[in-house]
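**Q** Got a predicted structure plus its sequence, pasted below:
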Amino acid sequence: MNFLSIDPSVNNIGFAILQIKNGKPSVLKDGTLYPDKELSIQQKAEWVFASLQKIDAQFDESIIQCVFEYPTFMGGIKGLIASQKGYTIDLGVMVGYLSGLLLGGFPNDVFYYTPMQWKGTRPKTATQAEIKRKFPSFRPHSEHSIDAIGMALHHFKVMKYCK
């Protein structure tokens, strides 16, 4: 079974495709997609979707489930700046539109986890350590794909897919 996990953003989308065989997960591919910043949110989502379809086509098994980090909006100065620049709305639109494309394009379910659900308050270094423990010879390609892999591992625990 192949799973797609997405750490969404407006301009850089982290992803990971993981597979479970015999109760053991493995990372097939990870990375970050960078749509052209001049595209509209709809065009960015369509470009990301087309890119993910091309990546999925490289594997024998298709993606059966997608896991998204559900956008939550931070407080403090970072939240204020993001809100003033319109990022909060853009991110919500990106996730919604991309979710719709994924549901229509892959025979799958889409699951959403807030950052608090999948990682709580632990630092990124804790997620990196978990990935290193699970996949000793694997090195993630980007900070965004680290989150995508961590979220997928959380999903596997919730769904009891792994031994």
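**A** Good, I have the coordinates.

**Q** So Val93 versus Pro8, what's the distance?
**A** The spacing between Val93 and Pro8, counted by Cβ to Cβ, to the nearest Å, is 11 Å. The C-beta positions use only the backbone N, C-alpha and C, and glycine is treated the same way.

**Q** Kindly report the same for Met151.
**A** 11 Å.

**Q** quick one on the thing from earlier: quick one: which of Val93 and Pro8 has more around it?
**A** For Val93 versus Pro8, neighbours defined as other Cβ atoms under 10 Å are more numerous around Pro8 (23 against 17).

**Q** Which helix in the chain has the most residues?
**A** Identified as the longest helix of the chain according to DSSP state H is helix 87-105.

**Q** okay, and the helix or strand of the protein with the least pLDDT?
**A** helix 76-84 (a mean of 58; mean pLDDT, DSSP states H and E).

**Q** Find residues that contact each of Met151 and Pro8.
**A** Common neighbours of Met151 and Pro8, using Cβ atoms under 8 Å, 6 or more residues apart in numbering, are Glu69.

**Q** which ones are touching the residue nearest the centre of the chain?
**A** Closest residue to the average C-alpha location of the chain: Ile6 at 1.2 Å, with Cα atoms, centre = their mean. Neighbouring residues of Ile6 by Cβ under 8 Å, 6+ apart: 13-15, 66-69, 98, 148.

**Q** so where is the protein shaky, pLDDT-wise?
**A** For the chain, applying pLDDT under 70 flags the ranges 73-87, 107-108, 163.

**Q** 50 instead, please
**A** Regions of the chain meeting the criterion pLDDT under 50 are absent.

**Q** All the helices of it, in order from the start?
**A** 41-56, 76-84, 87-105, 115-118, 124-134, 143-159.
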